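Sharing a sequence plus its predicted fold:
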There are 2 protein chains.
Amino acid sequence: MNALTEVLDGRWAAVRGEIRAQTAGTKYPDPVGLSVEEHRALILEQLHELAKTGRPQLGFPSVYGGGDDIGGSVVSFEMLGFGDLSLMVKAGVQWGLFGGAVQLLGTREHHDRYLPSIMSLELPGCFAMTESGHGSDVQNLCTTATYDPATREFVVETPDRQARKDYIGNAARDGRLAVVFAQLITDGAGRGVHAFLVPIRDDDGAPMPGVRIEDCGIKAGLNGVDNGRLTFEGVRVERSALLNRYGDVGEDGGYTSSISSDSRRFFTMLGTLVRGRISVAGSAGSATKRALTIAVRYAERRTQFFRPDGTEVRILDYLGHQRKLLPALATSYALHFAQEELVSTLHELQSGDGQADEHRQRELESRAAGLKAVGTWHATSTIQAAREACGGAGYLAENLLPSLKADTDVFTTFEGDNTVLLQLVAKGLLTSYRHQFQDLSPLETARFVAEQFVGAVVEATAARKVVERIIDASSGRDDDDIVFERAWHCKLFEEREEHVLDGIARRLRAASQENAFEVFNEAQDHVLKAGRVHVDRVVLEAFVGAIDRCEDPEAKALLNKVCDLYALSNIEADRAWFLEHGRLTSPRAKAVVAGVNTLCAQLRPRASELVDAFAIPEQFLAAPILAD
Amino acid sequence: MNALTEVLDGRWAAVRGEIRAQTAGTKYPDPVGLSVEEHRALILEQLHELAKTGRPQLGFPSVYGGGDDIGGSVVSFEMLGFGDLSLMVKAGVQWGLFGGAVQLLGTREHHDRYLPSIMSLELPGCFAMTESGHGSDVQNLCTTATYDPATREFVVETPDRQARKDYIGNAARDGRLAVVFAQLITDGAGRGVHAFLVPIRDDDGAPMPGVRIEDCGIKAGLNGVDNGRLTFEGVRVERSALLNRYGDVGEDGGYTSSISSDSRRFFTMLGTLVRGRISVAGSAGSATKRALTIAVRYAERRTQFFRPDGTEVRILDYLGHQRKLLPALATSYALHFAQEELVSTLHELQSGDGQADEHRQRELESRAAGLKAVGTWHATSTIQAAREACGGAGYLAENLLPSLKADTDVFTTFEGDNTVLLQLVAKGLLTSYRHQFQDLSPLETARFVAEQFVGAVVEATAARKVVERIIDASSGRDDDDIVFERAWHCKLFEEREEHVLDGIARRLRAASQENAFEVFNEAQDHVLKAGRVHVDRVVLEAFVGAIDRCEDPEAKALLNKVCDLYALSNIEADRAWFLEHGRLTSPRAKAVVAGVNTLCAQLRPRASELVDAFAIPEQFLAAPILAD
């Protein structure tokens, strides 16, 4: 096997290899041109096929026939990202969100009763959190579940149109049971948001009494997934419908929980569901790699205009074209290694006894949020660039880029809106994860910062020691060639993060009871930048770590160039900030721009090799523009 | 009428008003969910309706029942951009490209014979230029038309698969006659690319003998347009099939033309077709305005999270959300006024006796190319931002943004690939339009620059005098409030253009016979920037001119703020360049960033007013997210 592919395959190489082998012989029917109903039917059929492969069961406990392999399960979702993304999302709903909620928020009784049929797909289900009026602010959603001690039931109710569950995958057509998030009311008091198992369809597929199901209709993409809306009118479910791992209601309606704060409890519950976000980042990465592979291969074949000597120019020979594709390709490599590190951390935290260190758990949630935001925005812009790089041909459905674009577009706003996610990252950094930061109001955050923030600290990543070694061993040179030195990149990324974070802290200290919202809001661009540059540093260090682990000298040299391009193009895009803050002089900033051009020229002959190393099954690259 | 709308409506206010009135009562069927064939049929039906309104005839000569109103005709296409863009494109193919080619490249005989039935849509046609292997480099396309004096016919031939006509609108289903661009061969010599009228279907719709028609199939968007592929095998057409305004073949095969150079002649022919590009820029603008209107209205209604005082926050109150939408809105205003100026220039040049000043004609072509590139990229990024700003709701087809995104996506690469177009702009500036710049090889351009380029000159725009007056009257202040001064903006834009252009000229002087391609290619990012910053200056000056013309003091004050935001957000995005070149100090650069935030806050309460002023017919804004 290709040495580069080996590095990329990493810790779960076996899972990846197995999936490639399973996929190799399979012919996937092309959904282009299908009606929405036909596409949905096709995806359900494929979902059943997928269930038989055993891969969706990887992340479930072995006592129920699962694989106890959390990391492998996320990698397996990531690999689904090479194919029809409707299948990835539908699988994510069934086994990640729905199955994951039952597994992680439920207890033994729920597991015994539901996990086997969820795993086999005998019981298709939904994850009903988002409401028409409440997306990002899930803590304030309005569906209620009121305990009635007389009948020992919960009554689930949609109080108004804004509380209707919306965009719910698997709801419009196939789901039978839904995990419904609702404000728990018992003993006359609200206890915050909890999850309840609510049957939405009977065995014949008819809506259950009191459940109204609407279809969200046609979407920009992902039309193989049946998103719908759910409204509940006095729907009664038994007491055991409450997924009671973090809070329970006794027969008499008494409420008990190991976590006293309602919102802290809710965010702890949410935190266990972090897998979903990580899987979205992973499959966005796969879709991006697929688009880049198509665009690079096309740019190697397509010629346009002639050189003075009469030879035709391959479009990848143009600097402008290289700049469209190669820095994005380098970033895809970088994000890949960051994703691998994230999956490893998840695997370690969730494979243990469930008593993970709180700081590490929140750091994981924060990095998952950050990487999801950065990775999905990268997907959107890169797939767009790939489409444009293929011209009119890239606009034809047969050449695959249109569905890649349409299907991934929603990734930036589902599973957490990217803008909101980057703010979470910043809040986490400001409070060193000592608070359940999702829950902190602007004022509380400001108060915390004023009282406890003593200066930005560079948080450890897995490769932190390697990075420190590299920085310590730096040449100390100060000519323009320094732009190709890893130590210089690492220091710039690190100093930027510290400076931006310290600046935010300074601004937030000005907040008082009266102006907390305004102070926060006026600094929102700064807050978002703090989240962004933190993620950038984590990503760079993950790349550095992967290179350090690589034992093949040729692959290592190539990866070093790719990492140079990632780091330099990132610095280039943000060089205004470095200039403004005295971290780059004008001549050095120009050397950065020139350095990106140099690296584009150097990597141009290796571009095909770099995309081939993704080892995407060829049936997902069968575009006519690559076949002529 | 709203004073802002009056300014926006400008010179062709009457055409705009009439279209609004005509549209007011009309209910347009929703194409979402239609199969490709149904959508195509619907669009053809709407095209026939459109033909009856008289609007598509505006740009044709009055002797054939047209309106002799070139500008009005372009504005009318622009207004089609508010609706289903398939209709706009299909209309553009029929009356703009196909009809326009017959009108502008043909002579009296062609006009008499074809214009009436083209105008009425009795004769649907195609514009067959692009080939599978030749998109941007149209001068080297490979279809041939060889004159056979024995029969006095041309023989049209597709020599190989790469020469197949591709992506041709109206070809797959409806077109009867095609304007085919082919290398003319007569008397044993090639005469460069000419246009020929080739029947592709008979009256029953069957392909003509020797013509093979394929369907491009499903596309990312614009599926109401039937794009197809045409292959010609020994297809014979009569001698009069040659559109002979710029070059003719006698019965004996003798070739005559008023322009001796083959490529100069070809680019002169292309130049007359500039209307197409201008229309694309205009309708991209309309689509962008529509997306912004939806997103701004939604952001005014949608709340998420609470202030410390318990009030819910409208999402447009968030700085991050303002930054997503308001600078883009300001840019849409700026581009609108630049488009208006461009249409006026076109109208004046093409309404005359056809003997336009060559310099002005090429300047027009260059600005059309540049504005098309900048405007369509703005459309792509803004419609994307609008989609994300509407979250999951923005992903549902019913909320209109998905088709806006999908339909406009190809605008950046059709009617000239944006990257190629920006290069044309730069070449034009480097050669002061004294050469037919599209035709200059890298070496010739370099030679020209070495011999004749004496320094960048700021080209006049319509508002140049106003700009100079503003610069002369500038306060000379030098505190951070200068960032809100128009004179300061204008000077920065101007100096940037001069500096970038002088820098390119310096680099190109290094080119020799041997290295011309490499020298050019290594500077390609610099060349593209030259094109870009030129367009930015032209756009800013157009905005300044529009404000100068505005007589309503309140509208004028508001437009001044919008122009501030356009200028400052443009400077902000490029502030690395200004810092690197000593045009901004670090504190001043930070003042620019702060200035954008200030303007966002100031314009936030005016956002609805600003989108309402576009006066988009309400039926094109009937999204359920705006109706609840």
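Yep, it's here.

so where is the stretch 1-150 of chain A shaky, pLDDT-wise?
Along the stretch 1-150 of chain A, the model assigns pLDDT under 70 to residues A:1.

Run through the helices of it in chain order.
Here the stretch 1-150 of chain A has its helices, by DSSP state H, counting those that start in this stretch, at A:3-9, A:13-24, A:36-53, A:70-80, A:85-91, A:99-105, A:108-120.

hang on, residue A:156 is in a helix, isn't it?
No. Counting by DSSP: H, G, I helix; E, B strand; the rest coil, residue A:156 is not part of a helix but strand.

what's across from it in the sheet?
Per DSSP bridges, the residues bridged to residue A:156 are residue A:145, residue A:235.

quick one: it from chain B, how far?
As judged by C-beta to the nearest C-beta, to the nearest Å, residue A:156 and chain B stand 22 Å apart. All C-beta spots, glycine's among them, are computed from the backbone N, C-alpha and C.

Check what pLDDT that residue gets.
You'll see residue A:156 listed with a pLDDT of 98.

Hmm, it is touching residue A:147, no?
No. Assessed by C-beta atoms under 8 Å, residue A:156 is found out of contact with residue A:147, at 10.9 Å.

show me where pLDDT drops low in chain A?
Within chain A, the segments meeting pLDDT under 70 span A:1, A:353-356, A:435-439, A:628.

does the most centrally placed residue in it sit in a helix or strand, and which one?
When C-alpha atoms, centre = their mean is applied to chain A, the residue found nearest the centroid is residue A:281 (2.7 Å). Secondary structure assignment for residue A:281, by DSSP states H and E: helix A:275-301.

Flag every buried residue along the helix or strand following that helix.
Per DSSP H and E, helix A:275-301 leads on to strand A:303-306 as the next helix or strand towards the C-terminus. With burial defined by 16 or more other C-beta atoms under 10 Å in any protein chain shown, the residues of strand A:303-306 counted as buried are A:303-305.

cool, stretch A:206-213 as well?
Across stretch A:206-213, burial judged by 16+ other C-beta under 10 Å covers A:208, A:210-211, A:213.

ok, of the residues you listed, which one's closest to chain B?
Among the buried residues of stretch A:206-213, residue A:213 lies closest to chain B (C-beta to the nearest C-beta), at 16.2 Å.

Now do the SS call for the closest one.
Look at residue A:213: counting by three-state DSSP, its state is strand.

Now do it against residue A:202, distance only.
Computed with C-beta to C-beta, to the nearest Å, the distance linking residue A:213 and residue A:202 is 12 Å.

neighbours around the residue in the stretch 201-350 of chain A that chain B sits nearest to, how many?
When scored by C-beta to the nearest C-beta, the stretch 201-350 of chain A has residue A:220 as its residue closest to chain B, at 3.4 Å. Each residue near residue A:220 was counted by other C-beta atoms under 10 Å in any protein chain shown, and the total is 22.

what two of the buried residues of stretch A:206-213 are the furthest from one another?
Distance extremes for the buried residues of stretch A:206-213: the farthest pair is A:210 and A:213 at 11.2 Å, using C-beta to C-beta.

Now residue A:367: closest residue in space, sequence neighbours ignored.
Of all residues not flanking residue A:367 in the chain, residue A:342 sits nearest, at 5.7 Å (C-beta to C-beta, 6 or more residues apart in numbering or on different chains).

what's the following helix or strand after the helix or strand containing the one you found?
With elements taken from DSSP H and E, the one containing residue A:342 is helix A:319-351. Going down the chain from helix A:319-351, the next helix or strand is helix A:358-389, by DSSP H and E.

Pull out the buried positions in that following helix.
Within helix A:358-389, the residues scored as buried using 16+ other C-beta under 10 Å are A:361-389.
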